[in-house]
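Chemist: Predicted structure and sequence below. I'll ask about it afterward.
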Amino acid sequence: MTTPKSRNITWSHSDIKRADRARRNGHRGAILWFTGLSGAGKSTLARGVEKALFERGCQTYVLDGDNVRFGLNRDLGFSPADRTENIRRIGEVSKLMLDAGVIVLTAFISPYRTDRDANRELVEDGDFLEVYCRCSLLECERRDTKGLYKKARAGEIAEFTGISAPYEEPLTPEILVQTDEHDGAACIAQILAELERRGILAGAGRAAPRRFVEIHNTIRTSRLGGSVQAVSPRRRAPLKSGRPRPKPCRNPACPRLRPRLYSAGAGTRGSASRFWFCPAHVSGLARPSGDQARPRGTRRRPPGAGASLRPS
């Protein structure tokens, strides 16, 4: 690790440990370092694994080789020195995200073995998983999804990995996927199986963390202007025995969460169709005849008092 240029600095330690974050997330953080030639399927697999992990409730994010050059590494080119600095910066960012409990997926050619090994040394054993997307140069050139091989062969791109710049294959990668022999779904399944075998996904997708459940239970989306309303968990609690559970108003423009239950149409009470409406939108129901289908919670009115559906 390179010594910082600044001298008067001190590392600030967090009171929240990695074990605490892993316990809340339901999984521990890790770095999945996808490496391989251009066109080998690194970004495609990283995005596929990211989606699968996200659907399991995992905290995950992809650092893509092209994307970071629009911002963080916009000052770097493709010379050997710039490539090394590019990978060094991504390694430091991945380490921070790992400490935050995130499963980081990095999709970089990272052609030099020493650069990949240097990033491995930044973290503890078992936190860095090298995923080698092995694909023959012939197949990568056949795919050429970005048209880069064609430009490199024509001499329009200098120092292109595999053509005019070297690529050093991993010697002992944690995960080896043959992207020129298997389809994307099979490769993604292989990577997820390895994560489960190593215990990284222990508990992920089985039960949502308690805090997540609490937040989920206190948020309801209102269709009134697309706003989001915070609702007390008490509002969602079951009512007394024998009474119906609160439900939202059937009017799509109404934000109320505890309207009354009304019956509409002919028939005796309890046998008619039931609707959940708040008092402000009950006028849209069919007017019942007499005391039939009288809404629950309303008082019996004397004859001639009208058939209003206004609840008590």
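Modeler: Sure, I can see it. Here the structure is a predicted model, which is why all the values come from computation and not from measurement. Numbering: from 1, shown residues only.
Chemist: alpha carbons only for contacts and neighbour counts from here, please
Modeler: Fine.
Chemist: hey, where'd the strands end up in this structure?
Modeler: Counting by DSSP state E, the chain has strands at residues 30-35, 60-64, 103-107, 128-134, 175-178, 219-221, 228-230, 260-264, 273-277.
Chemist: Going by mean pLDDT, which of the ones you listed comes out lowest?
Modeler: The minimum mean pLDDT among those belongs to strand 219-221 (a mean of 37).
Chemist: Please give me every residue in contact with Ile163.
Modeler: With contacts defined as Cα atoms under 8 Å, 6 or more residues apart in numbering, Ile163 is in contact with Tyr149, Ala152, Arg153.
Chemist: hey, C-alpha coordinates of stretch 149-162 in PDB?
Modeler: Taking Å, rounded to 0.1, in the frame of the first residue of the first chain, the C-alpha atoms of stretch 149-162 are listed here in PDB:
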ATOM      1  CA  TYR A 149     -11.700  -4.700 -32.300                       C
ATOM      2  CA  LYS A 150     -12.400  -3.500 -35.800                       C
ATOM      3  CA  LYS A 151     -10.900  -0.100 -34.900                       C
ATOM      4  CA  ALA A 152      -7.900  -1.600 -33.200                       C
ATOM      5  CA  ARG A 153      -7.200  -3.900 -36.200                       C
ATOM      6  CA  ALA A 154      -7.300  -0.800 -38.400                       C
ATOM      7  CA  GLY A 155      -4.900   1.000 -36.100                       C
ATOM      8  CA  GLU A 156      -7.400   3.600 -34.900                       C
ATOM      9  CA  ILE A 157      -7.100   2.600 -31.300                       C
ATOM     10  CA  ALA A 158      -3.600   2.300 -29.700                       C
ATOM     11  CA  GLU A 159      -2.800   0.000 -26.800                       C
ATOM     12  CA  PHE A 160      -5.900  -2.100 -27.100                       C
ATOM     13  CA  THR A 161      -5.900  -5.100 -24.800                       C
ATOM     14  CA  GLY A 162      -5.500  -8.400 -26.700                       C
END
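Chemist: List the buried residues of that stretch.
Modeler: The neighbour-count check on stretch 149-162 (16 or more other Cα atoms under 10 Å) flags Tyr149, Ala152, Phe160, Thr161, Gly162 as buried.
Chemist: Where does the prediction get shaky in the stretch 101-250 of the chain?
Modeler: Along the stretch 101-250 of the chain, segments meeting pLDDT under 70 span 203-250.
Chemist: the helices in the stretch 101-250 of the chain, which residues?
Modeler: 113-120, 137-143, 148-153, 184-197, 210-217 (DSSP state H, counting those that start in this stretch).
Chemist: Count the neighbours of the residue nearest to Thr161 when sequence neighbours are not counted for me.
Modeler: Of all residues not flanking Thr161 in the chain, Tyr167 sits nearest, at 6.1 Å (Cα to Cα, 6 or more residues apart in numbering). Using other Cα atoms under 10 Å, Tyr167 has 18 other residues around it.
Chemist: what does His13 give?
Modeler: 7.
Chemist: begin at 223 from here
Modeler: Right, with 223 as the first residue, what we last looked at is His235.
Chemist: follow-up on the earlier one: which among the helices of the stretch 323-472 of the chain is found nearest to Asn230?
Modeler: For these, the distance to Asn230 is smallest for helix 335-342, at 25.0 Å, taking Cα to Cα.
Chemist: buried set for the closest one?
Modeler: So for helix 335-342, counting by 16+ other Cα under 10 Å, buried means Asp337, Arg338, Asn341, Arg342.
Chemist: ok, now stretch 285-304?
Modeler: Neighbour counts over stretch 285-304 (16+ other Cα under 10 Å) mark Leu285, Asp286, Gly287, Asn295 as buried.
Chemist: export those residues to JSON lines and tack on distance to Thr367?
Modeler: What follows is the buried residues of stretch 285-304, written out as JSON lines (distance: Cα to Cα, whole Å):
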{"residue": "Leu285", "distance to Thr367": "19"}
{"residue": "Asp286", "distance to Thr367": "16"}
{"residue": "Gly287", "distance to Thr367": "15"}
{"residue": "Asn295", "distance to Thr367": "23"}
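Chemist: coming back round to it: return the closest of the buried residues of stretch 371-384 with respect to Phe256.
Modeler: Nearest to Phe256 among the buried residues of stretch 371-384, with distances taken as Cα to Cα, is Thr383, at 15.4 Å.
Chemist: isn't the closest one right next to Leu259, touching?
Modeler: Yes: with contact defined as Cα atoms under 8 Å, Thr383 reaches Leu259; the gap is 7.0 Å.
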